[in-house]
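[1] sequence first, predicted model second:
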Number of protein chains: 2
Amino acid sequence: MVAINNLFAQIPDRIPAEISEILLKTHRLHVERIVSAGHATPAGRWYDQETHEWVLLLAGRAGLRFEGEAEVRVLEPGDYLNIPAHCRHRVEWTDPAQKTVWLALHYREPQGVS
Amino acid sequence: MVAINNLFAQIPDRIPAEISEILLKTHRLHVERIVSAGHATPAGRWYDQETHEWVLLLAGRAGLRFEGEAEVRVLEPGDYLNIPAHCRHRVEWTDPAQKTVWLALHYREPQGVS
């Protein structure tokens, strides 16, 4: 029987550290739910990932910075983007007043050819 | 420069036929946005897909039936499920009073082994 779960369920009231859970995992991809509550990437640190990441912000608000860009990109619910592997980026801030819920799809194959 | 788009943008007021758009496509997966407005799978028809499908309902409401199950499963915003390839299913109904927005991830590899 196919199980149905809810992305907004089982979010604790207090989130001392960012929560990350795998929702689906196969050989070449995984889908993750991330819940932030004012968390940010530590100062001076960048994500530099082996996998491509397609990311969707579902609730809350976040500021994302890409290396070499002056402006922080503000993400609102429904905003999605595709971050190629090794495209250095960091989360400058997430909304401290509410939970920020992300869906992240990490995948290994090159994008483009169908 | 990484493009940011919004999943709830560019939805027409009137949707005579279900809208399906590819948001990301690679060799082995694609991510699709589907917008329904009261649409359902035609009577007597089942989806029987070559690919696995991880699906998330983001807005609206839908009734999903799996072959061999008596009960229709009602999906609300945030509900997600993984439908294995060739698991026959159909959309019995979507809410006629609002848009139903789905995110569907179709992927080819077997689930399980990491």
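    Sure, I can see it. Numbering: from 1, shown residues only, chains lettered A, B, ... in the order given.

[2] from chain B, how far out is A:Trp54?
    5 Å (CB to the nearest CB, to the nearest Å). Where C-beta positions appear, they are placed from N, C-alpha and C, glycine not excepted.

[3] show me where pLDDT drops low in chain A?
    A:110-114 (pLDDT under 70).

[4] go with 90
    Flagging of chain A using pLDDT under 90 yields the residue ranges A:1, A:27-28, A:108-114.

[5] strands of that one, residue ranges please.
    A:5-6, A:19-25, A:29-36, A:52-59, A:62-66, A:73-75, A:79-83, A:89-94, A:100-107 (DSSP state E).

[6] packing partners for the last one?
    Okay, so that is strand A:100-107. strand A:29-36, strand A:52-59 (3 or more CB pairs under 8 Å, 6 or more residues apart in numbering or on different chains; DSSP states H and E).

[7] what's around A:Ala70, how many residues?
    For A:Ala70, the count of nearby residues is 5 (other CB atoms under 10 Å in any protein chain shown).

[8] now A:Pro42
    Using other CB under 10 Å, A:Pro42 has 7 neighbouring residues.

[9] give me the distance between it and A:Asp48.
    Noted for A:Pro42: a distance of 14 Å to A:Asp48, by CB to CB, to the nearest Å.

[10] do the same with A:Gly78
    Taking CB to CB as the measure, A:Gly78 falls 27 Å from A:Asp48.

[11] which of the two has more neighbours?
    Counted by other CB under 10 Å, A:Gly78 and A:Asp48 do not tie: A:Gly78 has more neighbours, with 17 against 12.

[12] which residues touch the more buried one?
    A:Leu56, A:Leu57, A:Leu58, B:Asn6, B:Leu7, B:Phe8, B:Ala9, B:Leu58 (CB atoms under 8 Å, 6 or more residues apart in numbering or on different chains).

[13] could the strands of chain A go into JSON lines alongside mean neighbour count?
    Shown next, in JSON lines, are these (neighbours: other CB atoms under 10 Å in any protein chain shown):
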{"stretch": "strand A:5-6", "mean neighbour count": "14"}
{"stretch": "strand A:19-25", "mean neighbour count": "14"}
{"stretch": "strand A:29-36", "mean neighbour count": "21"}
{"stretch": "strand A:52-59", "mean neighbour count": "22"}
{"stretch": "strand A:62-66", "mean neighbour count": "19"}
{"stretch": "strand A:73-75", "mean neighbour count": "18"}
{"stretch": "strand A:79-83", "mean neighbour count": "20"}
{"stretch": "strand A:89-94", "mean neighbour count": "20"}
{"stretch": "strand A:100-107", "mean neighbour count": "22"}
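
[14] dump those strands to a markdown table, plus distance to B:Trp102.
    Formatted as a markdown table, those follow (distance: least, CB to CB, whole Å):
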| stretch | distance to B:Trp102 |
| --- | --- |
| strand A:5-6 | 15 |
| strand A:19-25 | 16 |
| strand A:29-36 | 15 |
| strand A:52-59 | 13 |
| strand A:62-66 | 23 |
| strand A:73-75 | 21 |
| strand A:79-83 | 14 |
| strand A:89-94 | 26 |
| strand A:100-107 | 13 |
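
[15] among those strands, which is nearest B:Arg88?
    strand A:19-25 (20.4 Å; CB to CB).

[16] neighbouring strands - and their directions - for that closest one?
    Note on strand A:19-25: by DSSP bridges, its sheet partners are strand A:29-36 (antiparallel).

[17] relative to strand A:100-107, how tilted is the partner strand?
    Calculated by axes from the mean of the first three to the mean of the last three CA atoms, to 10 degrees, strand A:29-36 forms an angle of 160 degrees with strand A:100-107.
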